[in-house]
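Peer 1: please find the sequence and the predicted model below.
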Amino acid sequence: MCAGSYHVLCCFVTQVRPHWATRLDAAHTRPYLNEPSFSPVLHREERETRRERRSATATARPASSDKRARILDAAIKVFAERGFHSATVAEIARCAGVADGTIYLYFKSKDDLLLRLFDEKMTELLAEARAELAKERTAPARLARFIELHLAAVERNPDLASVLIVELRQSAQFLKAADRAKLAAYVDLIAEVVRAGQESGELTNDVSPAVVKRVIFGALDELALGWLLSNRRTSLKKTAAEVATFLVHGLRAR
């Protein structure tokens with residue numbers, strides 16, 4: 001083969017490449033700075049998208065929690081106005097601004113809604129009472145503070161008080177369930193104060209803490225019920241002061 005012919009053949013091979021060579025070249029990585037994943041614009045967009053997804057996930061939980069809280073608040077309002085037995089899930093959903101079926105995403109039934117409402121509100125009342133009683137130095141002061149707190153809670157939120165004092169007793173599930181443990185713990189605060197006061201010599205030993213807690217809570221329950229049924233004409237703050245003076249004075253050690 002002459003030199004001229006060889007030169008032509010080499011040029012032809014260089015320009016006409018086999019199809020497999022093209023595929024192999026396509027598999028080669030592109031220059032680093034030209035890769036799409038490292039493009040400044042695309043990289044920024046990807047970061048923004050990830051941020052939006054994280055933000056959506058973070059806001060989804062509060063939204064769900066807020067919806068559940070709205071349902072509980074609506075249940076308090078509807079139960080207080082219509083009564084537990086007359087109230088319907090549809091009315092509660094309408095008051096909460098949600099679809100009827102949404103209620104069942106959070107609660108099994110109307111009874112379950114009432115029981116969960118009671119459980120959560122009693123948990124709050126119990127925590128508040130424990131914190132406030134811990135601030136008082138003497139047993140008589142703690143007893144007086146408990147009486148004041150209980151009646152103040154009734155006066156502050158009469159709808160909730162109506163549900164807890166009146167409507168809850170209409171639930172057969174509550175009357176026979178162990179869900180009353182929170183109520184027992186709340187009432188036991190009185191017995192704890194009395195027992196500690198007897199041990200310190202501040203309160204008389206003539207009566208057992210178990211009797212005292214039932215007497216005090218029973219009196220408060222009756223006073224609250226009477227206040228609710230009488231269209232709230234009197235001041236429970238004044239009533240609390242009178243009851244505290246009367247009951248605590250009778251328990252003081254002689």
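Peer 2: Yep, it's here. Please read all numbers here as calculations on a predicted model, not as lab measurements.
Peer 1: okay, now the unreliable bits of the stretch 151-254 of the chain?
Peer 2: The stretch 151-254 of the chain contains residues with pLDDT under 70 at 172-179.
Peer 1: where do the helices sit along it?
Peer 2: With helices called from DSSP state H, counting those that start in this stretch, the stretch 151-254 of the chain shows them at 158-165, 172-176, 181-200, 209-229, 236-251.
Peer 1: measure how the third one sits relative to helix 158-165, angle-wise.
Peer 2: By that I understand helix 181-200. With axes from the mean of the first three to the mean of the last three C-alpha atoms, to 10 degrees as the basis, helix 181-200 and helix 158-165 are set at 90 degrees to each other.
Peer 1: buried residues of helix 181-200, list them for me.
Peer 2: 182-183, 186-195, 197-198 (16 or more other C-beta atoms under 10 Å). C-beta: built from backbone N, CA, C; applies to glycine.
Peer 1: let me have the helices of the stretch 151-254 of the chain in a markdown table, extended by distance to residue 67.
Peer 2: Formatted as a markdown table, those follow (distance: least, C-beta to C-beta, whole Å):
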| stretch | distance to residue 67 |
| --- | --- |
| helix 158-165 | 19 |
| helix 172-176 | 24 |
| helix 181-200 | 24 |
| helix 209-229 | 29 |
| helix 236-251 | 33 |
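Peer 1: deepest of those, which one?
Peer 2: Highest mean neighbour count among the helices of the stretch 151-254 of the chain (mean count of other C-beta atoms under 10 Å): helix 158-165, with a mean of 20.
Peer 1: now that helix: how far from the chain's centre is it?
Peer 2: 18 Å (C-alpha atoms, centre = their mean, to the nearest Å).
Peer 1: which elements pack onto that helix?
Peer 2: Packing contacts for helix 158-165, counted by 3 or more C-beta pairs under 8 Å, 6 or more residues apart in numbering; DSSP states H and E, involve helix 40-82, helix 110-133, helix 139-156, helix 209-229.
Peer 1: residue 126: which of the helices of the stretch 151-254 of the chain is closest?
Peer 2: Nearest of these to residue 126, taken as C-beta to C-beta: helix 181-200 at 5.2 Å.
Peer 1: who's in contact with that closest one?
Peer 2: Residues outside helix 181-200 that contact it (C-beta atoms under 8 Å, 6 or more residues apart in numbering): 118-119, 122-123, 125-126, 129-130, 133, 138-140, 142-143, 146, 203-205, 209-210, 212-214, 216-217, 251.
Peer 1: tell me the most buried of the helices and strands packed on helix 158-165?
Peer 2: helix 139-156 (a mean of 21).
Peer 1: list the contacts of it.
Peer 2: 125, 128-129, 132-133, 135-136, 161, 165, 189-190, 193-194, 196-197, 200, 202-203, 216, 220, 223-224, 227-228, 232, 235-237, 239-241, 243-245, 247-248, 251-252.
Peer 1: export only the CA atoms of it, formatted as CSV.
Peer 2: C-alpha atoms of helix 139-156 as CSV (Å, rounded to 0.1, in the frame of the first residue of the first chain):
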residue,chain,number,x,y,z
ALA,A,139,-51.9,21.9,105.0
PRO,A,140,-54.8,24.4,105.8
ALA,A,141,-53.5,26.7,103.1
ARG,A,142,-53.3,23.9,100.6
LEU,A,143,-56.8,22.7,101.3
ALA,A,144,-58.2,26.3,100.9
ARG,A,145,-56.2,26.6,97.7
PHE,A,146,-57.7,23.4,96.3
ILE,A,147,-61.2,24.6,97.0
GLU,A,148,-60.5,27.9,95.4
LEU,A,149,-58.9,26.3,92.3
HIS,A,150,-61.8,23.9,91.8
LEU,A,151,-64.5,26.5,91.9
ALA,A,152,-62.4,29.0,89.9
ALA,A,153,-62.1,26.4,87.1
VAL,A,154,-65.9,25.9,87.0
GLU,A,155,-66.5,29.6,86.8
ARG,A,156,-63.8,30.1,84.2
